[in-house]
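Undergrad: what follows is a predicted structure for the sequence shown.
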Amino acid sequence: MPNLYQVAEQYRQFYNYMDEVLSSDEDFTEEDLQLYFETLESIEDNLEQKLENTIKFLRNIEGDIEAFKKEKQRLERKQRYLQNTYDRLKQWMKDSLELNGIDKMNAGNFKVRLQKNNPSVEVYDVEKVPKQYVTKTEIHVDKKLLLTELKEGKQIDGVQLAPEGKHIRIS
């Protein structure tokens, strides 16, 4: 059995490798996951220590996930802001040309002109549209209501209670 220093070094090398894999721009593949499990199994340590160290690694991943979510939200806000600015500026140019009765204008290196839109359809009452023109119907099942009623013993065609599984809870 290796000493504590050797086991700690095995974990350090393992987590350094995993950090490299996860921080690369490549997707985490099935082979990477299989290698992860094989390497974890090869570390000579008891199950309790392996679980503890795996939980520590999970906490690091959770932190990264949260950081990515926040960055995604920040970038989405920035995108909305830029899109709104773009739309408002184009609307201002259109309004300015219309207000001055101008259809075309040279603006330095650019040419600006008002152009008619292609014809479009405005649907004001979907219920009155003949079925031949309706292309998609979405059906949504209220799973919460179904679960409640199935637990109460009600028999409902087409559904059944799924077998209860287990999941990991870390506290």
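TA: Okay, I see it.
Undergrad: just name the shakiest helix or strand of the chain by mean pLDDT.
TA: Across the helices and strands of the chain, mean pLDDT, DSSP states H and E gives its lowest value to helix 4-23, namely a mean of 74.
Undergrad: give the buried residues for it.
TA: Buried residues in helix 4-23, counted by 16 or more other Cβ atoms under 10 Å: 7, 10-11, 14, 18. The C-beta positions use only the backbone N, C-alpha and C, and glycine is treated the same way.
Undergrad: so for the chain, the centremost residue is which one?
TA: Centroid check for the chain by Cα atoms, centre = their mean gives Lys69 as the closest residue, at 8.5 Å.
Undergrad: output the buried residues of helix 4-23 as JSON lines; include the columns distance to Leu114.
TA: Shown next, in JSON lines, are the buried residues of helix 4-23 (distance: Cβ to Cβ, whole Å):
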{"residue": "Val7", "distance to Leu114": "74"}
{"residue": "Gln10", "distance to Leu114": "70"}
{"residue": "Tyr11", "distance to Leu114": "67"}
{"residue": "Phe14", "distance to Leu114": "64"}
{"residue": "Met18", "distance to Leu114": "58"}
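Undergrad: for the chain, what spans make up the helices?
TA: 4-23, 30-42, 47-99, 143-151 (DSSP state H).
Undergrad: for Asp27, see how far away Ala61 is.
TA: Check again: residue 61 is Ile, not Ala. 15 Å (Cβ to Cβ, to the nearest Å).
Undergrad: quick one, which of the two is more surrounded?
TA: The neighbour comparison of Ile61 against Asp27 (other Cβ atoms under 10 Å) goes to Ile61, with 11 against 6.
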